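Trainee: the sequence isn't on hand, but the structure is:
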């Protein structure tokens, strides 16, 4: 019966029955004339989640990593310079991907728990008077540290430096959970996936591509075949796919967008903030500290929490799973053994989050953590009692 328990990892997230059933469809002919009636509206409606009028949606059968690869291979050439801040596991993985493709990666190393350093980006771009840097790569929500970076500040820094570089943003663990402003922030490629805020199974990389990034395709010389924007966009024009599409995920995406719009995107964002704040208050009541170094950096989709000195966070998450059948995120990279993560995004309500807080609290008590049993749950309860959230999600 433990498989009935929700997961509290930062993705893949819990799949509502409504979406699970939407994906449980019989095979259909993706080359039939009526496929366009299903697929074309999905592409168009997804623009609303990115908050774009001018960006073009492109999807691939892949995870977010495939989306990263598509972003760089369609717009860059071997030896091109890109500027990246390394402040967590996922920003590091994007760096590694770029290096494997022969790009000249200019790295700004930042302490874990901090966000994208707009001031350092501005300084680096201002020094690049020859405009050799072709793109700035930013992880919007660093899942390893529970940090949400200010993309608007990065855009302002780029504009202040009067630099023409493209802006690529990884929003895999933020899109459809916190506000994202593709047009306002001047993003050129945003990369997301089906398995987090959209509450679907893993397997669909979802990108939004600006006109500027599309223009860069003409001169890009990195190899791409499966991830070629040109093939995908050409097929999408008539509502088709250049090869076999992930049909079940497309049906799931159609239903996911309906759910998000029925709740209202502003309400979705407010719910995520509310759920996260309850987790933060529980963390404070336990006497523990978040990895994110200041409130302006707190993520509304995942909280990374340091365990006390002398304790092993991996033992804690293992015990929570083995004793209570509930999964929490392990510490990644530098945080391995030092922190655990509570994912609070996607299909979750106050009541579901309280169950997760109660479970991890029991696990900590079992392992003799210096906490008072019930303290974190009570702190979150007091916060959630001020009003209910997630009713629309629960009803769905």
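Mentor: Received it, and whenever you're ready, just let me know what you need. Remember, predicted model here, so these are calculated numbers, not experimental data.
Trainee: quick one: end-to-end distance for stretch 172-186.
Mentor: 18 Å (CA to CA, to the nearest Å).
Trainee: pLDDT of it, averaged?
Mentor: Per-residue pLDDT values across stretch 172-186 average out to 98.
Trainee: now swap in stretch 336-346 and tell me
Mentor: Across stretch 336-346, pLDDT averages out at 98.
Trainee: could you list the buried residues of it?
Mentor: 338-346 (16 or more other CB atoms under 10 Å). Heads up, the C-betas are built off the backbone N, CA and C, glycines and all.
Trainee: how about the helices in the stretch 101-250 of the chain?
Mentor: Counting by DSSP state H, counting those that start in this stretch, the stretch 101-250 of the chain has these helices, from start to end: 118-127, 151-160, 211-216, 229-237, 247-263.
Trainee: tell me the buried residues in the last one?
Mentor: Applying a neighbour-count criterion of 16+ other CB under 10 Å, one finds 247-257, 259-260, 263 buried in helix 247-263.
Trainee: swap in the third one?
Mentor: Buried positions in helix 211-216, judged by neighbour count with 16+ other CB under 10 Å: 212-214, 216.
Trainee: how about those residues in CSV, adding distance to residue 363 and pLDDT?
Mentor: Shown next, in CSV, are the buried residues of helix 211-216 (distance: CB to CB, whole Å; pLDDT from 0 to 100):
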residue, distance to residue 363, pLDDT
212, 49, 98
213, 45, 98
214, 49, 98
216, 49, 98
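Trainee: between those, which sits nearest residue 299?
Mentor: Closest approach between these and residue 299, by CB to CB: residue 213, at 26.1 Å.
Trainee: with adjacent residues omitted, what lies nearest to that closest one?
Mentor: If the residues on either side of it in the chain are set aside, residue 213 comes closest to residue 188, at 4.3 Å by CB to CB, 6 or more residues apart in numbering.
Trainee: ok, of the buried residues of helix 247-263, which one's closest to residue 116?
Mentor: For those, the nearest to residue 116 is residue 260 (26.0 Å; CB to CB).
Trainee: hang on, the closest one packs against residue 176?
Mentor: Yes. Look at residue 260 against residue 176 with CB atoms under 8 Å: they come within range, at 6.1 Å.
Trainee: just the buried residues of helix 247-263 now: which is nearest residue 333?
Mentor: The closest of the buried residues of helix 247-263, once distances to residue 333 are taken by CB to CB, is residue 249, at 29.2 Å.
Trainee: what's near enough to touch the closest one?
Mentor: Applying CB atoms under 8 Å, 6 or more residues apart in numbering to residue 249 gives the contacts 23, 61, 194, 200-201, 203-204.
Trainee: show me the shaky parts of this protein.
Mentor: Per-residue confidence for the chain (pLDDT under 70) gives these ranges: 1-2, 388-396.
Trainee: spell out which residues sit in contact with the residue most central in space within it, please.
Mentor: Per CA atoms, centre = their mean, the C-alpha nearest to the average position across the chain is that of residue 173, at 1.3 Å. Residues near residue 173 by CB under 8 Å, 6+ apart: 10-11, 141, 143, 196-197, 299, 301-302, 345.
Trainee: mind putting the residues you listed in CSV, distance to residue 374 included?
Mentor: Below are the contacts of residue 173 laid out as CSV (distance: CB to CB, whole Å):
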residue, distance to residue 374
10, 25
11, 29
141, 30
143, 29
196, 31
197, 31
299, 26
301, 26
302, 24
345, 25
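Trainee: list the buried residues for stretch 18-38?
Mentor: Applying a neighbour-count criterion of 16+ other CB under 10 Å, one finds 19, 22-23, 30, 35, 38 buried in stretch 18-38.
Trainee: cool, stretch 303-312 as well?
Mentor: 303-307, 311-312.
Trainee: can you check stretch 85-99 too?
Mentor: Buried-residue list, stretch 85-99, by 16+ other CB under 10 Å: 85-95, 97-98.
Trainee: with stretch 178-195 instead?
Mentor: 178, 180, 182, 185-195.
Trainee: with stretch 149-164 instead?
Mentor: 149-151, 153-158, 161, 163.
Trainee: and stretch 107-124, by the same measure?
Mentor: Neighbour-count burial for stretch 107-124 [16+ other CB under 10 Å]: 108, 110, 112-118, 121-122, 124.
Trainee: stretch 191-211 too?
Mentor: 191-201, 203-210.
Trainee: likewise for stretch 229-240?
Mentor: 229, 232-233, 236, 239-240.
Trainee: ok so, going back, columns distance to residue 52 and secondary structure on top of the buried residues of stretch 18-38, output as CSV?
Mentor: Converted to CSV, the buried residues of stretch 18-38 look like this (distance: CB to CB, whole Å; DSSP: H, G, I helix; E, B strand; the rest coil):
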residue, distance to residue 52, secondary structure
19, 24, helix
22, 25, helix
23, 26, helix
30, 26, coil
35, 24, helix
38, 21, helix
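Trainee: which element is residue 15 on?
Mentor: In the assignment (DSSP states H and E), residue 15 maps to no helix and no strand.
Trainee: for it, which non-adjacent residue is closest in space?
Mentor: Distances taken as CB to CB, 6+ apart place residue 199 nearest to residue 15, at 5.9 Å, with adjacent residues excluded.
Trainee: how close does that neighbour sit to residue 242?
Mentor: 27 Å (CB to CB, to the nearest Å).
Trainee: now residue 73
Mentor: The value you get for residue 73 to residue 242, if CB to CB is used, is 15 Å.
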